[in-house]
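Peer 1: A structural model of the following input is requested.
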Amino acid sequence: MLRRHARTACTALVAAGMALTGLQAGSAAAAPDDQGAHRTATVRTAAQTLGADAARPELLDAMRRDLGLTHSQALTRLANEAEAGATAARLRQGLGGAFAGAWLDGADAGTLTVATTRPADTAAIRASGARARLVTHSLTELERAKEALDRSATTDAPVRYVDVRANVLVVEETRAGAGERLVGTAGIPRDLVRVVRTGQAPRPLYDIRGGDAYYMGGGGRCSVGFAVTRGTTQGFATAGHCGRAGTATSGFNQVAQGTFQGSVFPGKDMAWVAANSSWTSTPYVKGAGGANIQVTGSVLQPVGSSVCRSGSTTGWHCGTVQQHNTSVTYPEGTISGVTRTTVCAEPGDSGGSYISGSQAQGVTSGGSGNCSSGGTTFFQPLNPLLQNYGLTLKTTGVDPGPGPGDPEPGGTWAAGKVYAAGDVVTYGGASYRCLQGHQAQTGWEPPNVPALWQRL
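Peer 2: From the prediction side, this is the model:
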């Protein structure tokens, strides 16, 4: 755990999408209403929905620096990641219990691979434009085994995750034999697990715009994750290990800022701070040179996607998503459900923003290494945090509203609600299944965004 004490204080993009976009377009056909007539809707591609066409120069420059991409490759990659995420989500729904994970490869994320345990699925996977991989273990089987490991984990085997590329459950150990002992204690089959020796144990990165510094009343510095609102209250999401409910904060300028309203750590690493009337939430993350990076939504991106982090110690750095649903055991206890990345971080970056394109991903929890020699970091995904506290992410999304004379369709879908993959809603007399977890917003109604919703 790294604590920083206060005293140390779009058309081209759409065209760039993979062949997978054909599936997206096919699912976006106008649907008949109850009278059999076809309604006209503005249906968005995945790249448009996720704001890939709104990438700021500062984001593209950081992707060039940290991922070795040209400007054109960075633009193409963002579009490809958006389309691939939607395709993988649809395939996951169709494959059910045989689904074994999905990931992206290539400098521009041009290759999506989807794994299955069922040979009969490979033709459908290839028909979607993805590569098919036939494997032994389903994702559900491996994740259940990981849950068993989590219940017995110690800091000698601090990190557990499913490596979907290798179709294996990985245990990182800092002490020889710790991984084997953990597997034996948990009583899971040895062939599910690969033990990896690591020299560094992760720790939370201790010490209203994402990435800016804030200071805790009891000492220490962390970073703002994402600006949020709760009703009329302004505030921000951050890491739970930075403070407990009731902890007072001051902003980057040392002016009184607000108070922690809720905090969970360990178990999860989530918290939120309600700001006083002197502070206003803005839909931005601090990028390179202090530039504002727009936040347009919160769709979690697939393994292999690019992701950038903003923090008050090391600023703006990029890398890729390695694994979702990772478990980490810190000296203070185990946290589960975090995402493992190749982005570097240092003390004081805790709580700061992870963003992929313009989609908010999560808040910095911990990691190992540093931004000189490189490292591994973990972020607490944002959507569970928003849902847990009833928060609304501050975004720059345009609210088109209904057209002149158009009624608001009825149904259970609601803007501001956090939806997980698999959730079913009704809207305009039809039922839809959520494909990718996100916080709903006006303009992302199910018929309009087939990257996020599948009509049943």
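Peer 1: What distance do you get for the nearest residue to Val264 once chain neighbours are set aside to Val285?
Peer 2: Of all residues not flanking Val264 in the chain, Gly240 sits nearest, at 4.7 Å (CB to CB, 6 or more residues apart in numbering). Any C-beta I mention is one placed from the backbone N, CA and C, and that applies to glycine too. Noted for Gly240: a distance of 20 Å to Val285, by CB to CB, to the nearest Å.
Peer 1: So for these two, which sits in the more crowded spot?
Peer 2: Val285 (31 against 27; other CB atoms under 10 Å).
Peer 1: The more buried one - that's part of a strand, no?
Peer 2: Yes: under DSSP: H, G, I helix; E, B strand; the rest coil, Val285 sits within a strand.
Peer 1: count of residues packed around the closest residue to it other than its chain neighbours?
Peer 2: Nearest residue to Val285, sequence neighbours excluded (CB to CB, 6+ apart): Gly210, at 3.6 Å. Residues contacting Gly210 under the criterion other CB under 10 Å number 32.
Peer 1: again, but for Ser373
Peer 2: Ser373 has 7 nearby residues by other CB under 10 Å.
Peer 1: Could you do Asn388 as well?
Peer 2: Asn388 - counted by other CB under 10 Å - has 15 other residues nearby.
Peer 1: which residue sits closest to it, ignoring its sequence neighbours?
Peer 2: That would be Met270: by CB to CB, 6+ apart, it lies 6.3 Å from Asn388.
Peer 1: before we move on, what about Val228?
Peer 2: That would be Leu391: by CB to CB, 6+ apart, it lies 4.2 Å from Val228.
Peer 1: Output the below-cut-off pLDDT ranges for the stretch 101-250 of the chain.
Peer 2: 206-207 (pLDDT under 70).
Peer 1: hang on, I meant the stretch 301-450 of the chain
Peer 2: 397-408.
Peer 1: 80 - rerun?
Peer 2: Within the stretch 301-450 of the chain, the segments meeting pLDDT under 80 span 397-409.
Peer 1: about what we covered before: might one say that the residue nearest to Val285 is in contact with Ser310?
Peer 2: Yes: counting by CB atoms under 8 Å, Gly210 does reach Ser310; the two are 5.6 Å apart.
Peer 1: Now the common contact residues for those two.
Peer 2: Common contacts of Gly210 and Ser310, defined by CB atoms under 8 Å, 6 or more residues apart in numbering, comprise 223, 285-286, 293, 352-353, 355.
Peer 1: Closest one of those to Val196?
Peer 2: Minimum distance to Val196 across the shared contacts of Gly210 and Ser310 is 27.0 Å, recorded for Gly352 (CB to CB).
Peer 1: Against Gln359, how distant is the closest one?
Peer 2: Distance, Gly352 to Gln359, by CB to CB: 16 Å.
Peer 1: more neighbours, the two?
Peer 2: More neighbours surround Gly352 than the other of Gly352 and Gln359, with 34 against 28 (other CB under 10 Å).
Peer 1: Could I get the contacting residues of the more buried one?
Peer 2: Per CB under 8 Å, 6+ apart, neighbours of Gly352: 210-211, 222-225, 309-312, 345, 363-364.
Peer 1: cool, and Val307?
Peer 2: 301, 318-321, 341, 343, 354-356, 361.
Peer 1: and with 6 Å instead?
Peer 2: The contact partners of Val307, taken as CB atoms under 6 Å, 6 or more residues apart in numbering, are 321, 341, 354, 356, 361.
Peer 1: how close does Ser305 get to Arg56?
Peer 2: From Ser305 to Arg56 the distance is 17 Å (CB to CB).
Peer 1: which of these two has more neighbours?
Peer 2: Applying other CB under 10 Å to Ser305 and Arg56 shows that Ser305 carries more neighbours, namely 24 against 18.
Peer 1: ok, that one - contacts?
Peer 2: With CB under 6 Å, 6+ apart, Ser305 has these contacts: 81, 321, 356.
Peer 1: how far away is the last one from Ser250?
Peer 2: Spatial separation of Ser356 from Ser250 under the definition CB to CB is 30 Å.
Peer 1: Looking at the two, which is more packed in?
Peer 2: Ser356 (26 against 17).
Peer 1: Quick one: list the elements packing against the longest helix belonging to the chain.
Peer 2: Criterion DSSP state H: the longest helix present in the chain is helix 71-95. Packed against helix 71-95 by the contact rule (3 or more CB pairs under 6 Å, 6 or more residues apart in numbering; DSSP states H and E) you find helix 21-27, helix 46-49, helix 57-67, strand 99-105, strand 111-116.
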